[in-house]
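> pasting the sequence and the predicted model now:
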Amino acid sequence: MVTEIAKGVYWVGVVDWNLRHFHGHELSTHRGSTYNSYLIADEKTVLVDTVWGPFKEEFLENLRQVVDPAAIDIVVANHSESDHSGALPLLMQHCPEATVVVSPRGATSFPGHYHQDWNFRVVKTGDSLDIGENKLIFVEAPMLHWPDSMFTYLTGRNILMPNDAFGQHYATAFRFNDQVDQGELYQEALKYYANILTPTSDLVLRKIDEVLALNLPVAMIAPSHGVIWRKDPLQIVTKYREWASQVPEKRAVILFDTMWHATRRMAEAVGQGLAAEGVPYKIFHMAVSDRNDVIAELLLAKAVVVGSPTINTGLLPTLAPILEDLKLLRFKNKIGAAFGSYGWSGECVKLIEKHFEACKIPVVAEGVRVKWQPTAEDLEKCQSLGRAVAQAVLRE
Ligand code: FEO
């Protein structure tokens with residue numbers, strides 16, 4: 001349902017209650033998502049972003065509740081990923097003369113996606129556009145999270161529209177942050193940050209400083225997914241600064257897979273050792289756990305402990321995706337340790353430790369290898385491993 005979020009500014013997006021995977025099947029979205037699009041009715045009629053292609057027809061119906069699409073003068077296209085630009089080709093059939101405002105990198109990414117010769121206007125950081133009573137001010141935000149990403153600020157209503165930044169994959173009945181469950185909201189905002197923005201955390205910190213230095217009043221932060229930050233809008237900026245800093249919490253995450261429960265029993269013994277020293281932990285059996293939820297757990301955990309049996313001289317393949325994430329998301333300030341069972345060749349611990357090295361995660365305790373099923377003495381060694389990791393967590 002179209003919502004007037006401020007005088008003359010309308011949310012005309014789509015709520016996708018049924019989305020369970022995003023980026024193809026790369027990212028789980030247990031609570032659906034929204035594709036937010038904002039219509040600004042000033043002397044010029046401006047649309048900021050569109051929605052994902054499968055929803056283009058209902059998007060146009062929403063838009064028609066406020067304005068004839070043919071009357072749109074300016075389309076601000078903050079980012080070319082198709083969840084925000086998929087409806088653009090249909091929209092542009094209705095307003096072919098509209099100016100499409102893009103960032104310098106958007107000038108290549110939009111034609112690259114749609115192969116259309118729209119009336120592009122390229123804007124850089126600090127450029128502004130008079131739309132009548134108010135102005136739009138643009139801030140490039142490359143790699144937050146694509147090279148073409150851009151923030152748009154509306155003067156007069158003091159609304160920052162930062163596209164993907166500060167978003168959440170969170171379908172809700174209402175449009176504002178003060179109307180939803182705060183636990184759910186922050187769970188989804190953190191999961192979104194951890195999975196999408198972790199590798200560019202340094203850029204996030206710099207961009208926050210850059211935007212705050214503009215001294216623009218911010219009445220609302222209206223991202224392209226999830227709810228609009230209306231109540232205390234800068235709370236999410238404070239949280240982003242915290243998440244981007246990756247100052248670790250004194251807790252551990254244990255990741256493992258197992259065939260005949262030897263490595264599972266080892267994982268639980270490692271956990272007992274952590275708890276004995278007062279360090280909280282969570283255990284995830286990666287063959288049956290949601291990888292994206294685990295990434296959210298990992299973002300601020302100090303320790304990551306990984307266990308696998310040896311199979312075919314390697315690790316169980318079910319661990320490969322999360323280990324790849326551990327490397328490619330470039331987590332900071334972590335420590336690691338390894339364990340695993342084996343029957344004959346037994347490379348598991350060595351391989352996990354080598355992977356930690358590639359992830360720049362220091363190994364803080366000697367790994368534990370157990371042949372066949374663990375004895376009581378073996379489990380005691382696993383508990384000792386947990387205690388050693390806990391002591392390192394508490395020391396740092
Ligand atoms: Fe980068 Fe929401 O798309």
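Received, thanks.

> going forward, measure contacts between C-alpha atoms and count neighbours the same way
Noted.

> OK, contacts around whichever residue of the stretch 1-150 of the chain sits closest to the ligand?
Going by CA to the nearest ligand atom, the ligand is nearest to E81 of the stretch 1-150 of the chain, at 5.0 Å. Under the criterion of CA atoms under 8 Å, 6 or more residues apart in numbering, E81 has no neighbours.

> how much space separates it from Q235?
26 Å (CA to CA, to the nearest Å).

> for D73, same thing?
To Q235, D73 is 34 Å away according to CA to CA.

> so these two - more neighbours on which side?
The neighbour count for D73 versus Q235, taken as other CA atoms under 10 Å, is higher for D73 (18 against 12).

> where's F120, which helix or strand?
F120 belongs to strand 119-122 when elements are defined using DSSP states H and E.

> which bits of the stretch 51-200 of the chain sit near the ligand?
Within the stretch 51-200 of the chain, the residues that sit near the ligand (CA under 6 Å from any ligand atom) are E81, D83, D164.

> pLDDT score assigned to the closest residue to the second one other than its chain neighbours?
It refers to D83. Distances taken as CA to CA, 6 or more residues apart in numbering put W52 closest to D83, at 3.9 Å, once the chain neighbours are dropped. pLDDT, the model's per-residue confidence, is 98 for W52.

> so W52 touches S80, yeah?
No - using CA atoms under 8 Å, W52 makes no contact with S80, being 10.7 Å away.

> those two - which one has more neighbours?
A direct count of neighbours by other CA under 10 Å for W52 and S80 places S80 higher, at 26 against 21.

> please tell me I have it right and that one contacts M150.
No - the pair S80 / M150 is not scored as a contact, 10.1 Å apart, by CA under 8 Å.

> longest helix of the protein?
Determined from DSSP state H, the single longest helix within the chain is helix 376-395.

> what's the weakest-modelled helix or strand in the protein?
Least confident helix or strand, the chain: helix 201-213 with a mean of 94, by mean pLDDT, DSSP states H and E.

> do you know how far the residue in the stretch 101-250 of the chain positioned nearest to the ligand is from P223?
The nearest approach of the stretch 101-250 of the chain to the ligand comes at D164, 5.0 Å away (CA to the nearest ligand atom). Per CA to CA, D164 is found 6 Å from P223.

> tell me where the stretch 201-350 of the chain has helices.
Taking DSSP state H, counting those that start in this stretch as the test, the helices found in the stretch 201-350 of the chain are 201-213, 235-245, 262-276, 291-298, 320-328, 348-358.

> repeat for the stretch 51-200 of the chain
Under DSSP H, counting those that start in this stretch, the stretch 51-200 of the chain gives helices at 56-64, 82-85, 88-94, 106-114, 182-192.

> so which of these comes closest to V304?
Proximity of these to V304 was assessed by CA to CA; the nearest stretch is helix 182-192, lying at 17.5 Å.

> how about I283, what does it touch?
Going by CA under 8 Å, 6+ apart, I283 touches V253, I254, L255, F256, A267, E268, G271.

> partners of the first one in the sheet?
With beta bridges defined as DSSP bridges, V253 has these partners: K282, V304.

> hang on, the earlier thing: buried residues, the longest helix of the chain. List them.
Neighbour counts over helix 376-395 (16 or more other CA atoms under 10 Å) mark 378-393 as buried.

> what angle sits between that helix and helix 262-276?
Angle of helix 376-395 versus helix 262-276, following axes from the mean of the first three to the mean of the last three CA atoms, to 10 degrees, is 50 degrees.

> quick one: helix 376-395 to chain centroid distance?
Put simply, helix 376-395 sits 32 Å off its chain's centre (CA atoms, centre = their mean, to the nearest Å).

> for stretch 244-255, the distance to its chain's centre please.
For stretch 244-255 - counting by CA atoms, centre = their mean - the centre lies 17 Å from the chain centre.

> and the end-to-end length of that stretch?
23 Å.

> residues making contact with it?
By CA under 8 Å, 6+ apart, the list of residues contacting stretch 244-255 from outside reads 198, 201-202, 204-205, 267, 271, 274, 279-286, 297-307, 331-334, 393-394.

> which of the residues you listed are buried, as a ChimeraX select command?
Applied in ChimeraX, the following selects the buried portion of the contacts of stretch 244-255 according to 16+ other CA under 10 Å:
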select :198,201,204,205,267,271,274,279,280,281,282,283,284,285,286,297,298,299,300,301,302,303,304,305,306,307,331,332,333,334,393
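
> how about the helices of the stretch 51-200 of the chain in TSV, adding mean neighbour count and mean pLDDT?
Shown next, in TSV, are these (neighbours: other CA atoms under 10 Å; pLDDT from 0 to 100):
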stretch	mean neighbour count	mean pLDDT
helix 56-64	18	97
helix 82-85	22	98
helix 88-94	17	98
helix 106-114	17	98
helix 182-192	18	98
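
> quick one: closest of these to L351.
Here helix 182-192 is closest among those (CA to CA), at 28.2 Å.

> helices and strands around the closest one, which ones?
Applying 3 or more CA pairs under 8 Å, 6 or more residues apart in numbering; DSSP states H and E, one finds that helix 182-192 contacts helix 291-298.

> got a list of contacts for the helix it packs on?
L27, S28, L190, K191, A194, N195, V253, F284, V304, P321, I322, D325.

> and that helix with helix 182-192, angle?
100 degrees.

> so for helix 291-298, what gets flagged as buried?
Within helix 291-298, the residues scored as buried using 16+ other CA under 10 Å are R291, N292, D293, V294, I295, A296, E297, L298.

> how near is the fourth one to the ligand?
The reference is to V294. Distance from V294 to the ligand, counting by CA to the nearest ligand atom, to the nearest Å: 21 Å.

> D164 and P223: who's more crowded?
With neighbours defined as other CA under 10 Å, D164 and P223 compare such that D164 has more, 28 against 24.
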